[in-house]
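Engineer: the sequence isn't on hand, but the structure is:
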């Protein structure tokens, strides 16, 4: 094995992560970032890894680091929006989701989150518009389709709800 091969530690980290060895995965993510601290792919994957392991401050730092390197990286904005939403900062989350969509209009996720917030605020037309926009992206995630379908059923958009289910 050549330890200086581009992204070798990253690939090993992904393998350990897939196998559920969290500590080994972390070790290899960090090794890769020591070799290449500005690798957006590694920073992003490591941020998701940290999120999935409930290390929110560390994940937040990784996503913010990405934005320092590449200010228009919409997926990082989306995940910062998710973190803000989970922290009860709805307004900040909405702003992050909106910004992510302005940068990358085909990004999956922000419309759904914005639709949830719009529904909660009684903005029915906006909710339907956002959900239809999310459906146009042809999501393959069954849980997401069930959630969208449930929201559409609540809004009496039965044809769309049936399509989702």
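Structural biologist: Cool, got the structure. What you are looking at is a predicted structure, and each value in this text was computed from that prediction instead of being measured. Numbers count the residues shown, from 1 in each chain.

Engineer: how far is stretch 130-140 from where the chain is centred?
Structural biologist: From the chain centre to the centre of stretch 130-140 is a distance of 15 Å (Cα atoms, centre = their mean, to the nearest Å).

Engineer: buried sites along it?
Structural biologist: Across stretch 130-140, burial judged by 16 or more other Cβ atoms under 10 Å covers 130, 131, 133, 134, 135, 139. Just so you know, the C-beta spots here come from the backbone N, C-alpha and C atoms, and that holds for glycine as well.

Engineer: tell me the mean pLDDT for it?
Structural biologist: Average pLDDT, stretch 130-140: 92.

Engineer: hmm, who's touching it?
Structural biologist: Contact partners of stretch 130-140, identified using Cβ atoms under 8 Å, 6 or more residues apart in numbering, comprise 106, 108-109, 111-112, 114-115, 118, 144-145, 148, 151-152, 157, 160, 163-164.

Engineer: could you dump the buried residues of stretch 130-140 to JSON lines with distance to residue 86?
Structural biologist: JSON lines is the format used below for those (distance: Cβ to Cβ, whole Å):
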{"residue": "130", "distance to residue 86": "19"}
{"residue": "131", "distance to residue 86": "21"}
{"residue": "133", "distance to residue 86": "23"}
{"residue": "134", "distance to residue 86": "19"}
{"residue": "135", "distance to residue 86": "24"}
{"residue": "139", "distance to residue 86": "21"}
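
Engineer: quick one: which two of the residues you listed are the most distant?
Structural biologist: The distance between the two most remote of these (Cβ to Cβ) is 13.1 Å, for 130 and 139.

Engineer: taking the buried residues of stretch 130-140 one by one, which sit in helices?
Structural biologist: Counting by DSSP state H, the buried residues of stretch 130-140 place 130, 131, 133, 134, 135 in helices.

Engineer: of those, just say which sits nearest to residue 75.
Structural biologist: Once Cβ to Cβ is applied, the member of those that ends up nearest residue 75 is residue 134, at 15.6 Å.

Engineer: that closest one and residue 93, how far apart?
Structural biologist: The spacing between residue 134 and residue 93, counted by Cβ to Cβ, to the nearest Å, is 16 Å.

Engineer: likewise for residue 164?
Structural biologist: The gap separating residue 164 from residue 93 is 23 Å, by Cβ to Cβ.

Engineer: possible to save the ones in helices among the buried residues of stretch 130-140 as a markdown table with distance to residue 11?
Structural biologist: Formatted as a markdown table, these follow (distance: Cβ to Cβ, whole Å):
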| residue | distance to residue 11 |
| --- | --- |
| 130 | 37 |
| 131 | 37 |
| 133 | 35 |
| 134 | 32 |
| 135 | 34 |
